[in-house]
Structures are given as C-alpha cells and as structure tokens.
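Q: Dropping the sequence and predicted coords here.
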Amino acid sequence: MYNEKAYELTVLPGTNRNGEQEGFDRIVIRPGDSLSIVGPTGSGKSAFINDIEVLAQEDTVTGRTILVNGEEPSEELVRDPAKKPIALISQNTRVIADLSVSRFLALHIQARDTGAGRLMARTIALANEFTGEKIAEGMRMTELSGGQTRSLLIADAILVGQTPILLLDEVENAGINKERVIACLREYKKAVIFVTHDPYIALITDRRIVMKNGAVSAVIEPDGSERVVTSTVAEIDAYLWDLREKIRNGDRVDTPDIIPANHKKEVVAA
Ligand SMILES: Nc1ncnc2c1ncn2[C@@H]1O[C@H](COP(=O)(O)OP(=O)(O)OP(=O)(O)O)[C@@H](O)[C@H]1O
C-alpha cells in the first residue's frame, strides 16, 4: 500500500517552446505539499502535469525529467497502474462503466485488497464532503454529475487507491469544495498539484508555478504579502459557493454585500 512509503518527486528542467533551457534548478514535491500551476492558455500547464503523470525521462515534448525519491523510476512504477503513485483527475474525467457507485467502489476495494472495513461508506462520506450534491450508494456511476464524479474519484484516490500524488487539472468549475479538498489532502499527507485558473486555489496552495511559453517562468512561495487578499478571496469564494447553491435550488437571492466593509478597507490599505 502506498501510504507505507513516502514518495518525493523531483522535476528537472527541460526546454521551452523555442528549445531554450528552463530557468529553474529543480522543483521538489514532498508528501503534504500543495502546488498550483498557473499561466495563460497554451503556456504549458497541462504539459507540465503530463510530464509528472507519465514520469517523463526527457521523452516528452518538454524534455523534462521526473525523479522518484531522487532516482529514475523503475519500469514497474511507470507501467503498472496499480503501482503508479500518481492519479490524474481532470474536468474531462468520466466513468464509462455502467455500475452503481457501490459496485464501482467494491471492485476497486477488492482490486486494491485494502481489507479495511467500512471503506465504501467512508469513501462516499468523504466524497460528500467535497460535493454539494449528495452521492448515494445506489446511484449509477454514469448518472453522476461532473462534480459528483470528480468528488468520488478524489475520495477514491485518497482512501481506496491511497495514491500519494494527485494531479487535478482544472477541476474548479466542477462544483467541488476546493478548500475542503485541499485541507483533506494535507490531512492525509498527499501531494497535490492543481492546474488552475482559479485565484483562490492559486493563493491557498503552498507554491505556485507560473508557466510561460512552455516553460516554468517563476515559482512563487507565500511571503505573507498576499494574506489579506487571500482572506478576502476566501470570503468571495464562500459567497459564490453559497450563491451557486441557492440559484441551483431555485431560490431568489437578495444578500446585499459580498465583503464586510472593514475588510474592504484592509484590502485598500494593503
Ligand atoms: N516546453 C514545451 N516545448 C514544446 N511544446 C510545448 C511545451 N510545453 C507545451 N508545449 C505544447 O504547447 C501546447 C499548449 O500546451 P498546454 O496544453 O500544456 O497549455 P495549457 O497551459 O495547459 O493550456 P490551456 O490553459 O489552454 O489548457 C501543447 O501542444 C503542448 O504540447
């Protein structure tokens, strides 16, 4: 089982779209780390996490190398899906097996042979912490909404697959509670890398990697200067989450103010 072994990934630089060397030395990703990958459309965000997903060895378009625990990964780690320490969940991830939620989880639990009791109920309960629309055991996998599917797959990767590294590609618009996902991944000591256009995710991750022209152009670590903005964005995000739920429920919305006035002043003063 993965959780018995900690995995550390090291990304070594490749080249940008003009074939020029990237300007970083190495990026090390440890258990419990959260990273976001930001940058304009076409800047190479997906290519970056694809390198991690395939454990690139200078054999992708970027020429990057990924080391696992400081070494070139074994063939088994790269090829065997049951051994691979990485799960990629994107906004396009769909489940095509026509199974109920409980059957899908039962098959995965059986395949992973975790032998832990109540794992199915715990996985569904965890998924339900991530999504606003509750998932029930008897629902068909193919009938789940995008948000429900992503929530269940993230919970499944954490509890059943016990995958140490999660790559989440633009899942923010999919109706999942990002804050809860990040807190949970920290709690379970998972490393998580978000490809994101969402300012809130970018601000609450431990590091943000900025992409330009196919290369990493900066690695930004919080230094406290963004603290006030982050807490304001948290409030806006919570407000929007609530608003979305109300509108989805068919309610009228009449909440007048998004941010308390004192907060606005702090932001202006910052
Ligand atoms: N270092 C690189 N060298 C050569 N080609 C690259 C490099 N990085 C990315 N590319 C190519 O550039 C194109 C755009 O990259 P990618 O899809 O990763 O961008 P993105 O930032 O994820 O875009 P979007 O936000 O639209 O999803 C792809 O065809 C990709 O293969």
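A: Here it is on my side, so go on.

Q: can I assume residue 224 sits in a helix?
A: No - assessed with DSSP: H, G, I helix; E, B strand; the rest coil, residue 224 is coil; it does not lie in a helix.

Q: Make 58 the first number, not 1, from now on.
A: New numbering, starting at 58: the last item is residue 281.

Q: If we go by neighbour counts, what in stretch 289-298 is buried?
A: 289, 290, 294 (16 or more other C-beta atoms under 10 Å). No exception for glycine: its C-beta is placed from N, CA and C like everyone else's.

Q: How about stretch 87-106?
A: Applying 16+ other C-beta under 10 Å to stretch 87-106 flags 88-96, 100-106 as buried.

Q: Quick one: the strands in the stretch 58-207 of the chain, in order.
A: Listed in chain order, the strands of the stretch 58-207 of the chain (DSSP state E, counting those that start in this stretch) span 66-69, 84-86, 91-95, 122-125, 143-147.

Q: Dump those strands to a markdown table, plus mean pLDDT.
A: As requested, the strands of the stretch 58-207 of the chain are arranged in a markdown table below (pLDDT from 0 to 100):
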| stretch | mean pLDDT |
| --- | --- |
| strand 66-69 | 96 |
| strand 84-86 | 95 |
| strand 91-95 | 95 |
| strand 122-125 | 96 |
| strand 143-147 | 84 |
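
Q: what about residue 307, how many neighbours?
A: By the criterion of other C-beta atoms under 10 Å, residue 307 has 6 neighbours.

Q: Then residue 178?
A: Residue 178: 12 surrounding residues under other C-beta under 10 Å.

Q: pLDDT score assigned to it?
A: We have a pLDDT of 89 for residue 178.

Q: and it, what does it touch?
A: Neighbour list for residue 178: empty [criterion: C-beta atoms under 8 Å, 6 or more residues apart in numbering].

Q: Put the alpha carbons of the helix or strand encompassing residue 302 into PDB.
A: Assigned by DSSP states H and E, residue 302 belongs to helix 284-305. What follows is helix 284-305 as a C-alpha-only set of coordinates in PDB (Å, rounded to 0.1, in the frame of the first residue of the first chain):
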ATOM      1  CA  ARG A 284      -2.500  37.300   3.200                       C
ATOM      2  CA  VAL A 285      -5.200  40.000   3.300                       C
ATOM      3  CA  VAL A 286      -6.100  39.400  -0.400                       C
ATOM      4  CA  THR A 287      -6.300  35.700   0.300                       C
ATOM      5  CA  SER A 288      -8.800  36.100   3.100                       C
ATOM      6  CA  THR A 289     -10.900  38.400   1.000                       C
ATOM      7  CA  VAL A 290     -10.900  36.000  -1.900                       C
ATOM      8  CA  ALA A 291     -11.900  33.200   0.600                       C
ATOM      9  CA  GLU A 292     -14.900  35.200   1.500                       C
ATOM     10  CA  ILE A 293     -15.800  36.000  -2.100                       C
ATOM     11  CA  ASP A 294     -15.400  32.300  -2.900                       C
ATOM     12  CA  ALA A 295     -17.600  31.200   0.000                       C
ATOM     13  CA  TYR A 296     -20.200  33.800  -1.000                       C
ATOM     14  CA  LEU A 297     -20.200  32.500  -4.600                       C
ATOM     15  CA  TRP A 298     -20.400  28.900  -3.400                       C
ATOM     16  CA  ASP A 299     -23.500  29.800  -1.300                       C
ATOM     17  CA  LEU A 300     -25.000  31.800  -4.200                       C
ATOM     18  CA  ARG A 301     -24.500  29.000  -6.600                       C
ATOM     19  CA  GLU A 302     -26.200  26.600  -4.300                       C
ATOM     20  CA  LYS A 303     -29.100  29.000  -3.800                       C
ATOM     21  CA  ILE A 304     -29.500  29.600  -7.500                       C
ATOM     22  CA  ARG A 305     -29.300  25.900  -8.200                       C
END
